[in-house]
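Peer 1: Pasting the sequence and the predicted model now:
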Amino acid sequence: MYYILDCETTGSSSSDQVIELAWLKIADNVQTLEVLEDFVERYNPSVPITDRAFQVHGISKRQLLRDKCKPSSSIE
């Protein structure tokens, strides 16, 4: 089996925070890309989302507040 991981952040510096984690668990047959399990969760950061990061992922602070996301500090 294989895992595909995606992580979106507020920017690219060491003080930036994760705002989305996602992964797919894929079956051994990579030709079919059969998804066995998936996970997606968004987080509300305590630092601003940079313009450049927003251009990459399109996730806004407004969306995270509207969706009542857990704080980034809750990631274990």
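Peer 2: Nice, thanks for sending it over. For clarity, every value in this text was computed on a predicted model and none was experimentally measured.
Peer 1: excluding its backbone neighbours, what's nearest the residue positioned nearest the centre of the chain?
Peer 2: Nearest to the centroid of the C-alpha atoms of the chain, with distances taken as CA atoms, centre = their mean, sits residue 20, at 2.0 Å. The shortest distance from residue 20 to any residue that is not its chain neighbour, by CB to CB, 6 or more residues apart in numbering, is 4.0 Å, and that residue is residue 8. C-betas here are computed from N, CA, C, even on glycine.
Peer 1: try residue 16
Peer 2: With CB to CB, 6+ apart as the criterion, residue 16 has its nearest non-adjacent residue at 4.4 Å, and that residue is residue 10.
Peer 1: And the contacts of stretch 46-55?
Peer 2: Outside stretch 46-55, the residues within contact range by CB atoms under 8 Å, 6 or more residues apart in numbering are 8-12, 15-17, 19, 59-61, 71-73.
Peer 1: tell me the mean pLDDT for that stretch?
Peer 2: Looking at stretch 46-55 alone, the average pLDDT works out to 96.
Peer 1: next one: stretch 44-52 to chain centre, how far?
Peer 2: 13 Å (CA atoms, centre = their mean, to the nearest Å).
Peer 1: got the end-to-end distance for that stretch?
Peer 2: With CA to CA, to the nearest Å applied, stretch 44-52 spans 18 Å between its terminal residues.
Peer 1: which of the residues in that stretch are buried?
Peer 2: 44-45, 49 (16 or more other CB atoms under 10 Å).
Peer 1: Which of those residues fall within strands?
Peer 2: Using DSSP state E to define strands, the subset of these located there is residue 44.
Peer 1: From the buried residues of stretch 44-52, pick the one nearest residue 3.
Peer 2: The nearest member of the buried residues of stretch 44-52 to residue 3, counting by CB to CB, is residue 45 at 24.3 Å.
Peer 1: Strands of the protein, residue ranges please.
Peer 2: Applying DSSP E to the chain gives strands spanning 2-9, 18-26, 35-44, 70-71.
Peer 1: among those, which is the most enclosed?
Peer 2: Each of the strands of the chain was given a mean neighbour count from mean count of other CB atoms under 10 Å, and the largest, a mean of 16, is that of strand 18-26.
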